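In: sharing a model that was predicted from the sequence below.
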Amino acid sequence: MNTRIITNPRLIGLLTILIATSPTPLFAAEPQDKSVPASKAESPLFMVKRGALIAEDDFSGPAFTDKWKEFIKTWTLVDGMMKGETEVGKHHSTLAPKKDFDVDRAIIQFDFKLDGAKSIGVLFNHETGYREHVAAISFSPTEAKLKRSSGMGKTTKSQELDRKTVKLDDGNWHTATIEIYDAEMLVSLDGKSILYGVGVDPAEHTKQGPRFIVQDPVAYLDNVRIWSAQPDPGWQDRKANITSK
Ligand SMILES: [Ca+2]
C-alpha cells in the first residue's frame with residue numbers, strides 16, 4: 001500500500017486552520033433524504049432494550065430472496081426495495097418470513113413508503129391447530145392503529161387498542177418500530193412513540209411473524225430487522241407518560 005504521511009509542519013498548520021474554520025463540519029452525518037429508505041440507524045426504544053439481532057433483510061439480493069414467501073403473489077424486488085401491490089378492492093397481499101419468528105419478546109423495525117396504498121401493516125399470528133391472527137398494526141395515509149385480532153380471512157375480528165392521527169401520504173419514507181414484551185406492544189414512528197396497548201397474553205396465544213400486508217394498491221418496504229427484546233427497568237417509570245393520551 002502506498003501511504004503518505006504529512007510531516008510538513010506548515011501544511012499541517014494550514015490543514016488545521018481549514019478544518020477548524022470550515023463552514024460545514026467535514027465529517028458531519030449527511031442529512032436524511034426522505035425520498036430514499038432511511039439509513040440503517042437503530043430507532044430509539046421506549047419499552048424494552050435491544051437484544052441480539054435475529055434477522056434482517058435490506059432487499060439488496062439479486063432476486064426474490066429465499067427468506068420470504070408470498071401468500072398472494074404481488075411482491076416484487078425493485079431497486080433494492082420490496083414493492084407490495086394489490087388490485088384496488090381485493091384482499092391484501094401478504095409477505096411473510098419463510099418460517100415465522102416467535103416475537104413475544106422482540107423488536108421489529110422497518111422502513112416503508114405509501115405510494116397510493118390505503119394501508120401497509122404488520123400482522124402477527126398464533127398457531128393453535130390452525131393459524132389465526134392475534135395482533136395487527138396498520139399505517140394509512142392519516143391513521144396508525146394497533147389492534148388485538150382473532151380469526152383468519154372472513155372470520156377475522158379485531159378490537160382496537162390504540163390509534164393516532166398521522167400524515168403518511170407525503171411521498172417520504174418512514175421508519176416504524178414495534179416493541180413487543182409479552183402482552184404489551186408499543187409502536188413508534190420516525191423515532192416517536194405513537195401507539196401502545198396490551199394484547200393477548202402469550203400464555204394464551206403466542207405471537208409469530210412478522211407478516212407484512214399492503215392494500216390498495218402500492219407501498220414499499222425496506223430494511224426489515226428483528227431483534228430479541230430484553231426488559232427495560234426504566235419502562236415502568238416512563239409508562240404513565242408514554243401511554244397517557
Ligand atoms: Ca434496500
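Out: Received it, and whenever you're ready, just let me know what you need.

In: is the ion within reach of whichever strand in the chain runs longest?
Out: When the chain is scanned for its longest strand (criterion: DSSP state E), the result is strand 218-231. Yes - using CB under 5 Å from the ion, we find that strand 218-231 touches the ion at D222. Placement of C-beta: from N, CA and C, glycine included.

In: for that strand, packing partners?
Out: Packing contacts for strand 218-231, counted by 3 or more CB pairs under 8 Å, 6 or more residues apart in numbering; DSSP states H and E, involve strand 48-57, strand 81-85, strand 105-114, strand 119-128, strand 174-181, strand 208-215.

In: I'd like the next helix or strand past it.
Out: Going down the chain from strand 218-231, the next helix or strand is helix 235-243, by DSSP states H and E.

In: angle of that following helix against strand 48-57?
Out: 70 degrees (axes from the mean of the first three to the mean of the last three CA atoms, to 10 degrees).

In: follow-up on the earlier one: okay, angle between the longest strand of the chain and strand 119-128 too, please.
Out: 50 degrees.

In: and strand 218-231, which residues are buried?
Out: V218, A219, Y220, L221, D222, N223, V224, R225, I226, W227, S228, A229 (16 or more other CB atoms under 10 Å).

In: now do the buried residues in stretch 171-178.
Out: N172, W173, H174, T175, A176, T177, I178.

In: what's the nearest residue to the residue in the chain positioned nearest to the ion if we skip its chain neighbours?
Out: Closest contact between the chain and the ion, by CB to the ion, is at G80 (3.6 Å). Counting by CB to CB, 6 or more residues apart in numbering, G80 lies nearest to S60, which is 4.9 Å off, once chain neighbours are set aside.

In: look up phi and psi at that neighbour.
Out: Here is the backbone geometry of S60 (degrees, to the nearest 10): phi -90, psi 0.

In: P233 too?
Out: Dihedral angles (degrees, to the nearest 10) for P233: phi -60, psi -20.

In: so I107 sits against P44, correct?
Out: No - taking contacts as CB atoms under 8 Å, I107 lies outside contact range of P44: 11.1 Å.

In: show me which of the two is the more surrounded one.
Out: Neighbour count, other CB atoms under 10 Å: between I107 and P44, I107 has more, with 27 against 10.

In: from the chain's centre, how far out does the longest strand of the chain sit?
Out: Computed by CA atoms, centre = their mean, to the nearest Å, the chain-centroid distance of strand 218-231 equals 4 Å.

In: one more: stretch 67-85?
Out: 16 Å.

In: mind listing what's buried along it?
Out: Those would be W68, I72, T74, W75, L77, M81, M82, K83, G84, E85, for stretch 67-85 by 16+ other CB under 10 Å.

In: so who does the residue most central in space within the chain touch?
Out: Per CA atoms, centre = their mean, the C-alpha nearest to the average position across the chain is that of F110, at 2.5 Å. Neighbouring residues of F110 by CB atoms under 8 Å, 6 or more residues apart in numbering: V122, T175, A176, F212, L221, D222, N223, V224, R225.

In: kindly report the same for R211.
Out: T94, L95, A96, P97, D100, V122, L123, F124, N125.

In: wait, which of the buried residues of stretch 171-178 is closest to V166?
Out: Closest to V166 out of the buried residues of stretch 171-178 is H174 (8.6 Å), distances taken as CB to CB.

In: nearest residue to that closest one other than its sequence neighbours?
Out: Closest to H174 by CB to CB, 6+ apart is D190, at 5.5 Å.

In: what about stretch 69-76, how long is it end to end?
Out: 11 Å (CA to CA, to the nearest Å).

In: what mean pLDDT does that stretch have?
Out: Taken as a whole, stretch 69-76 carries a mean pLDDT of 80.
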